[in-house]
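Enquirer: this one's sequence-less:
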């Protein structure tokens with residue numbers, strides 16, 4: 001599953017959606033594997049509210065997501081949550097004077 005925002009401070013994950021199917025997709029597997037880009041990593045939980053408000057209008061044009069699903073660990077003591085951080089060249093772009101600003105785009 002891909003996520004929209006990941007919180008470094010807590011390890012929390014947030015997915016914004018226009019329907020409630022996100023919760024259905026994560027309710028069965030014992031091992032929950034999440035892939036997220038490093039640009040979707042927020043430093044603190046308190047930053048989340050601002051980015052949720054910015055995310056939906058830039059993606060769908062709606063003022064706010066109909067649903068936001070929040071995950072803060074495996075669903076029970078027998079489950080596992082694995083987070084895969086994808087760089088895909090973003091660190092090189094961030095270090096580049098010419099392209100650094102391109103990472104400011106929320107989309």
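Expert: Done, it's in. Please read all numbers here as calculations on a predicted model, not as lab measurements.
Enquirer: Check the chain for its longest helix and report it.
Expert: Longest helix in the chain, counting residues (DSSP state H): helix 48-60.
Enquirer: Low-confidence regions, this structure specifically.
Expert: Along the chain, segments meeting pLDDT under 70 span 1, 18-21, 23, 25-28, 58-60, 65, 105-107.
Enquirer: can you map out the strands along it?
Expert: 5-7, 12-17, 31-37, 41-42, 67-71, 80-86 (DSSP state E).
Enquirer: I'd like to know which elements the fifth one is packed against.
Expert: Secondary structure elements in contact with strand 67-71, counted by 3 or more C-beta pairs under 8 Å, 6 or more residues apart in numbering; DSSP states H and E, are strand 12-17, helix 21-26. For glycine as for every other residue, the C-beta is placed from the backbone atoms N, C-alpha and C.
Enquirer: closest one to residue 61 among the strands of the chain?
Expert: Proximity to residue 61 (C-beta to C-beta) singles out strand 12-17 among these, at 13.2 Å.
Enquirer: Check which helices and strands the closest one sits against.
Expert: Strand 12-17 makes packing contacts with strand 5-7, helix 48-60, strand 67-71 when contacts are defined by 3+ C-beta pairs under 8 Å, 6+ apart.
Enquirer: 6 Å instead?
Expert: Contact partners of strand 12-17 among helices and strands, from 3 or more C-beta pairs under 6 Å, 6 or more residues apart in numbering; DSSP states H and E: strand 67-71.
Enquirer: And the strand it packs on, what's buried?
Expert: Under the neighbour-count criterion of 16 or more other C-beta atoms under 10 Å, strand 67-71 has 68-69, 71 buried.
Enquirer: Same question for stretch 9-19.
Expert: Quick answer for stretch 9-19 (16+ other C-beta under 10 Å): 12-17.
Enquirer: now do stretch 56-74
Expert: 56, 65, 68-69, 71.
Enquirer: rewinding a little: quick one: closest of the strands of the chain to residue 98.
Expert: Taking C-beta to C-beta, strand 31-37 is the member of the strands of the chain nearest to residue 98, at 20.4 Å.
Enquirer: Determine the angle, from 0 to 180 degrees, between the closest one and strand 67-71.
Expert: Angle between the axes of strand 31-37 and strand 67-71 is 110 degrees (criterion: axes from the mean of the first three to the mean of the last three C-alpha atoms, to 10 degrees).
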